[in-house]
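1. Following is a predicted model, sequence given first.
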Amino acid sequence: MSVAGEASFRESVDLMFKRATALMDLSPGLEEKIRVCNSTYTVRFGVRLRGKIETFTGYRSVHSEHMEPVKGGIRYSLGVNQEEVEALAALMTYKCALVDTPFGGSKGGLCIDPRQWDEHELEQITRRFAYELIKRDLIHPAQNVPAPDMGTGEREMAWIADQYARMNTTDINAKACVTGKPPHAGGIQGRVEATGRGVQYALREFFRYREDREAARLTGDLDGKRVIVQGLGNVGYHAAKFLSEEDGVRVIAVIERDGAIVDEKGINIEELRQHMNRTGGLAGFPKERHLPEGAAVLEMECDILIPAALEGVINLGNAALIKAPLIIEAANGPVTFGADEILRKKGTLIIPDMYANAGGVTVSYFEWVKNLSHIRFGRMQRRAEEARSRLLVEELERLSSDQGLGWTMSQDFKQKFLQGSDELALVRSGLDDTMRTAYQAMREVWHGRTDVNDLRVAAYIVAIDRVAKTYRSKGL
Ligand code: NAD
């Protein structure tokens with residue numbers, strides 16, 4: 001992926017950080033303290049599989065402990081290395097600060113291709129990795145709380161939670177040691193879809209502002225916008241599904257490991273995902289066009305480009321060829337530092353990763369709070385809310401009939417109005433509020449300062465300023 005002269009992912013994050021701190025009034029000492037990664041633990045462990053011992057290498061990096069626990073996903077991929085994990089941990093610090101979740105930044109990774117192992121083998125590997133991290137408090141409800149990332153999901157999080165509970169039998173808060181668990185194992189409604197849902201809410205918020213749309217040379221709302229998505233995994237699938245089913249966007253191309261599907265008329269995301277689940281790839285998807293060379297499709301004309309796979313895909317080699325006027329970084333680090341400069345000069349607008357994919361950590365925060373409070377959201381209020389709404393409806397109906405006004409409420413309105421908020425509704429409301437509030441904080445810096453011309457620098461400034469304030473209040 002890397003092109004000659006290209007900064008690494010870790011260097012890219014540092015360079016972006018420095019572009020922001022150059023515009024801030026931080027002491028050099030504090031700036032350095034915020035930038036550096038506090039620690040990275042490397043573990044090599046063996047698991048007996050298929051008759052022999054296989055050795056795996058894993059990492060857990062803690063970027064900043066200005067707030068604890070620290071938070072960040074665990075990635076399973078052959079591309080995992082110390083640099084990558086540290087870059088992702090740094091992004092977690094800034095992301096958590098930007099969306100105002102009370103966590104420091106962390107990230108973990110295991111160098112493994114999960115598709116090479118069956119479920120039972122993956123469970124053995126995951127439990128052993130978790131064991132190594134748990135015994136060093138690198139998984140702990142008060143200190144370090146992982147979540148899913150590329151190559152991991154609910155299943156792995158459930159194994160980790162169970163492993164922690166087995167090793168800490170009297171910890172009443174054991175479930176809060178990891179988020180992204182399935183609902184039956186202490187998870188929360190809406191977590192699986194959260195990052196993709198956050199991308200949808202981020203785009204909706206962006207399109208609410210005329211000046212912002214114009215900065216991306218776009219008009220109108222999301223309806224009818226032509227979208228290209230790279231990566232139809234957890235984040236890409238949910239973002240593409242919600243945007244096409246609920247906001248009227250047309251997904252004209254999906255790029256995956258084995259090429260791309262291109263269809264100007266719009267791709268049915270649910271059908272494509274079902275096909276991928278059955279066959280493991282895009283090839284052979286009926287009706288639409290399959291191109292074996294996926295990366296070139298990033299350069300196709302569209303209104304919105306959503307890279308949702310991995311880092312460094314838009315780099316010095318292809319940045320000048322990208323035609324999308326708006327890029328929303330659903331993946332972490334999809335645009336390198338060098339590419340970012342080229343795109344900015346071209347006038348491409350980028351909604352940065354630390355904001356765009358913060359929906360996952362936001363709902364993880366809700367899950368962690370739920371686990372610590374030992375009660376599902378809405379359990380106390382939902383029926384009381386319904387009873388109060390019913391009283392109001394009945395009173396209005398009585399008044400209408402007493403006064404002979406003949407008012408009637410539509411069944412649809414009545415049903416919606418009478419429904420109390422369940423956990424999913426509350427999670428979505430909290431996520432929407434978080435995405436809107438964070439966007440407004442970024443936007444204020446973007447439009448409010450003459451020396452800030454892009455959302456990424458604005459996001460870094462908001463985040464770094466908040467981290468700096470926390471350090472100062474600790475006397476640093
Ligand atoms: P995932 O493993 O569910 O999906 C990744 C998808 O990308 C897969 O379908 C894979 O086949 C595809 N892919 C891999 N390499 C590709 C390539 N070279 N070209 C095209 N497609 C490729 O992972 P995910 O959880 O959806 O994560 C995707 C990105 O979003 C990562 O950068 C991750 O750090 C970020 N992210 C994820 C979450 C989360 O909650 N899962 C939260 C925040 C950020």
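-> Sure, I can see it. Numbering: from 1, shown residues only.

2. mind listing what the residue nearest in space to the middle of the chain touches?
-> By Cα atoms, centre = their mean, the chain has its centre lying nearest to Asn357, at 3.1 Å. Going by Cβ atoms under 8 Å, 6 or more residues apart in numbering, Asn357 touches Lys95, Thr195, Gly198, Val199, Val235, Glu329, Ala330, Ala331, Asn332. Just so you know, the C-beta spots here come from the backbone N, C-alpha and C atoms, and that holds for glycine as well.

3. For Ser8, which non-adjacent residue is spatially closest?
-> Glu83 (5.6 Å; Cβ to Cβ, 6 or more residues apart in numbering).

4. so the one you found touches Val13, yeah?
-> No: assessed by Cβ atoms under 8 Å, Glu83 is found out of contact with Val13, at 10.0 Å.

5. which of the two has more neighbours?
-> Ranked by neighbour count (other Cβ atoms under 10 Å), Glu83 and Val13 place Val13 first, with 29 against 16.

6. and the gap between that one and the ligand?
-> In this view, Val13 and the ligand are 13 Å apart by Cβ to the nearest ligand atom, to the nearest Å.

7. cool, and Asp212?
-> For Asp212 relative to the ligand (Cβ to the nearest ligand atom), the value is 23 Å.

8. Excluding chain neighbours, what is closest to that residue?
-> The shortest distance from Asp212 to any residue other than its chain neighbours is 5.6 Å, reached at Phe206 (Cβ to Cβ, 6+ apart).

9. List the buried residues for the helix or strand encompassing that neighbour?
-> Assigned by DSSP states H and E, Phe206 belongs to helix 194-207. Buried residues in helix 194-207, counting neighbours by 16 or more other Cβ atoms under 10 Å, are found at 194-207.

10. name the helices or strands packed onto that helix?
-> Packing contacts for helix 194-207, counted by 3 or more Cβ pairs under 8 Å, 6 or more residues apart in numbering; DSSP states H and E, involve helix 210-215, helix 234-246, strand 326-328, strand 349-351, helix 353-356, helix 359-373, helix 423-448.

11. low-scoring stretches of the stretch 151-300 of the chain, by residue?
-> 287-288 (pLDDT under 70).

12. Try it again at 50.
-> The model of the stretch 151-300 of the chain has no residue with pLDDT under 50.

13. do stretch 328-342 and the ligand meet at all?
-> Yes: Stretch 328-342 reaches the ligand (Cβ under 6 Å from any ligand atom) through Ala330, Ala331, Asn332.

14. So which residues on this protein come close to the ligand?
-> Residues of the chain lying near the ligand (Cβ under 6 Å from any ligand atom): 148-151, 195, 230-236, 255-257, 294, 308-310, 330-332, 357, 360.

15. hmm, which of these are the buried ones?
-> 148-151, 195, 230-236, 255-256, 294, 308-310, 330-332, 357, 360.

16. hang on, the earlier thing: please name whichever of the helices and strands packed on helix 194-207 is nearest to Gly51.
-> Set against Gly51 and scored by Cβ to Cβ, those come closest in helix 234-246, at 33.2 Å.

17. which of the buried residues of helix 194-207 sit farthest apart?
-> Between any two of the buried residues of helix 194-207 (Cβ to Cβ), the greatest distance is 20.3 Å, for Ala194 and Phe207.

18. For the nearest residue to Gln124 once chain neighbours are set aside, list each beta-bridge partner.
-> The shortest distance from Gln124 to any non-neighbouring residue, by Cβ to Cβ, 6+ apart, is to Val47 (5.5 Å). Beta bridges link Val47 to Glu54 when assigned by DSSP bridges.

19. quick one: contacts for the nearest residue to Arg48 once chain neighbours are set aside?
-> Distances taken as Cβ to Cβ, 6+ apart place Glu54 nearest to Arg48, at 7.8 Å, with adjacent residues excluded. Going by Cβ under 8 Å, 6+ apart, Glu54 touches Gly46, Val47, Arg48.

20. In the stretch 351-476 of the chain, what residue comes closest to the ligand?
-> Gly360 (3.1 Å; Cβ to the nearest ligand atom).

21. Check the stretch 201-350 of the chain too.
-> Closest point on the stretch 201-350 of the chain to the ligand, by Cβ to the nearest ligand atom, is Gly233, at 1.6 Å.

22. Secondary structure element holding Lys71?
-> For Lys71, the host element (DSSP H and E) is strand 70-77.

23. Next, the angle helix 359-373 makes with the helix or strand immediately after that strand in the chain.
-> Where DSSP H and E defines the elements, the next helix or strand beyond strand 70-77 is helix 82-98. Angle, helix 82-98 to helix 359-373, by axes from the mean of the first three to the mean of the last three Cα atoms, to 10 degrees: 70 degrees.

24. helices or strands up against the helix or strand following helix 82-98?
-> On the C-terminal side of helix 82-98, the closest following helix or strand by DSSP H and E is strand 104-111. Here strand 104-111 touches strand 52-64, strand 70-77, helix 82-98, helix 119-134, strand 144-148, going by 3+ Cβ pairs under 8 Å, 6+ apart.

25. To Arg278, which of the ones you listed lies closest?
-> helix 119-134 (17.6 Å).

26. How much space separates Arg257 from Ser77?
-> 12 Å (Cβ to Cβ, to the nearest Å).

27. make that Glu154, sorry
-> From Glu154 to Ser77 the distance is 18 Å (Cβ to Cβ).

28. Repeat that for Glu193.
-> To Ser77, Glu193 is 22 Å away according to Cβ to Cβ.

29. how about the nearest residue to Cys177 once chain neighbours are set aside, what does it touch?
-> Distances taken as Cβ to Cβ, 6+ apart put Tyr164 closest to Cys177, at 4.3 Å, once the chain neighbours are dropped. Counting by Cβ under 8 Å, 6+ apart, Tyr164 touches Ala130, Ile134, Ile139, His140, Asp171, Ala174, Cys177, Val178.

30. re the thing from before, state the pLDDT value of the residue nearest to Arg48.
-> Model confidence at Glu54, given as pLDDT, is 98.

31. Of the helices and strands packed on helix 194-207, flag the one that's most buried.
-> helix 353-356 (a mean of 29; mean count of other Cβ atoms under 10 Å).

32. wait, doesn't Asn81 sit right on Cys111?
-> Yes: Asn81 lies in contact with Cys111 (Cβ under 8 Å); the separation is 7.2 Å.

33. next one: phi and psi at the closest residue to the ligand within the stretch 1-150 of the chain?
-> Nearest residue of the stretch 1-150 of the chain to the ligand (Cβ to the nearest ligand atom) works out as Met150 at 3.8 Å. Torsion angles at Met150 (phi, psi; degrees, to the nearest 10) stand at phi -50, psi 130.

34. which residues does the spatially closest residue to it that is not a sequence neighbour bridge with?
-> Take Met150 and drop its neighbours on the chain: the residue closest to it by Cβ to Cβ, 6+ apart is Arg75, 4.7 Å away. Per DSSP bridges, the residues bridged to Arg75 are Gly109.
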